[in-house]
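Student: sharing a sequence plus its predicted fold:
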Amino acid sequence: MAVPWMGQFMVEQGLLRQLVRNAKAGDAASFERIVILHERMVLRVAQRLLINPEDAKDAAQEVFIRLHRTLDRFHDDSELGPWLYRITVNICRDAMRRAKQTLPLGAAQDRLHAARNPEESAAAAQQYEMVLAALGELTQREREVIVLRDLEGCATSEVAGILGSSETTVRSQLSTGRVKIKNYVAARLGRWKHETRP
């Protein structure tokens, strides 16, 4: 029995491979289309890794500059998504090394899916900012694993490939990162309840 969405997926992958071939041949419009199809994903990952929205925008721009420079090395039969994840992670690592400072906790422009009313919207924004703040407490590698596995939904094997690590190491870092986030959120909620108690 055919799976309805598989046909759509194959068409999209086929189209993407054609765009990559055209871009490698020098077609600027095809490269621009690749950027349009992936810019939200790249910016989202950069924001989650770097926390600071301005740094994330700079990193996302650098991702596509590097993609353009290195596109001729991309194999036509590979999937572009994991390769872009790898470039994004590497550029964010470079940005963090250059900054050599603690990531700022707090401000986040990215928001969860639109809520039905202002109260839900405010709660969703507060929850998302808390997750971003918790991400800022993790080590660089723990943050990369949590972002790729839990927030982006990549498989453990895919995360290992993107980060050049073993699946065992990814699982260990994932477990440690999740515990740290849970403890951070619990502590912050505990402080909030204490401060708001009459």
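Tutor: That came in fine, so what should we check first?
Student: contacts, neighbours, all on C-alpha from now
Tutor: OK.
Student: quick one: buried residues of the lengthiest helix in the chain?
Tutor: Longest helix in the chain by number of residues (criterion: DSSP state H): helix 167-196. Using 16 or more other CA atoms under 10 Å as the test for burial, helix 167-196 gives 167, 170-171, 173-174, 177-178, 180-181, 184-185.
Student: quick one, phi psi at residue 137?
Tutor: Here the main-chain torsion angles of residue 137 (degrees, to the nearest 10) amount to phi -90, psi -10.
Student: for the longest helix of the chain, the averaged confidence score.
Tutor: Here helix 167-196 scores 83 as its mean pLDDT.
Student: can you name every helix or strand that that helix contacts?
Tutor: Packing contacts for helix 167-196, counted by 3 or more CA pairs under 8 Å, 6 or more residues apart in numbering; DSSP states H and E, involve helix 118-135, helix 140-146, helix 156-163.
Student: thinking again about what came up before, save the buried residues of helix 167-196 as a markdown table, and put in distance to residue 82 too.
Tutor: Formatted as a markdown table, those follow (distance: CA to CA, whole Å):
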| residue | distance to residue 82 |
| --- | --- |
| 167 | 16 |
| 170 | 16 |
| 171 | 18 |
| 173 | 19 |
| 174 | 19 |
| 177 | 22 |
| 178 | 23 |
| 180 | 26 |
| 181 | 25 |
| 184 | 30 |
| 185 | 30 |
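Student: of all the residues you listed, which comes closest to residue 62?
Tutor: In terms of CA to CA, no member of these lies closer to residue 62 than residue 170, at 26.2 Å.
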